[in-house]
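Enquirer: this one's structure only:
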């Protein structure tokens, strides 16, 4: 009997700083779970990556203005190029983000409040794996 084949999900982490992305806890978690993880701190590069390959999950871990800019970018993508799942890490409730999320027709969006965001990310991963 062979071991079950592991599912590999394509994940993009958008972080708004040029720090070493390999040190991000979400990168380590996703990589350890066998995901194909790409990182970027550039909205343009992230958009190009998504246009080339839709991706299963996008994690947005940046400041408020970076979140708004990137969500607006995601909303402007054709519906068939929007990621399936989007996880946004926030320090608190941001009502102005809700209006931007209306353009995310094909993505399931999760807003995760810090410091419990990693628990929320694990929940999202379990749901993705259960559907696959």
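Expert: Nice, thanks for sending it over. All values derive from a computational prediction rather than experimental measurement.

Enquirer: could you pull out the strands for the chain?
Expert: 10-15, 36-40, 57-61, 85-90, 108-113 (DSSP state E).

Enquirer: Look up how far residue 55 lies from residue 115.
Expert: 26 Å (Cβ to Cβ, to the nearest Å). (C-beta placed from N, C-alpha, C; glycine too.)

Enquirer: which one of these two has more residues nearby?
Expert: residue 55 (21 against 9; other Cβ atoms under 10 Å).

Enquirer: tell me the contacts of that one?
Expert: Counting by Cβ atoms under 8 Å, 6 or more residues apart in numbering, residue 55 makes contact with 10-12, 49, 83-84.

Enquirer: out of those, which one sits closest to residue 30?
Expert: Nearest to residue 30 among the contacts of residue 55: residue 11, at 5.2 Å, using Cβ to Cβ.

Enquirer: Go ahead and confirm the closest one touches residue 53.
Expert: No - using Cβ atoms under 8 Å, residue 11 makes no contact with residue 53, being 11.2 Å away.

Enquirer: Can you pick out the residue with more neighbours from the two?
Expert: Neighbours of residue 11 and residue 53, each counted by other Cβ under 10 Å, are more numerous for residue 11; the result is 25 against 13.

Enquirer: Contact partners for the more buried one?
Expert: 30, 35-38, 55-59.
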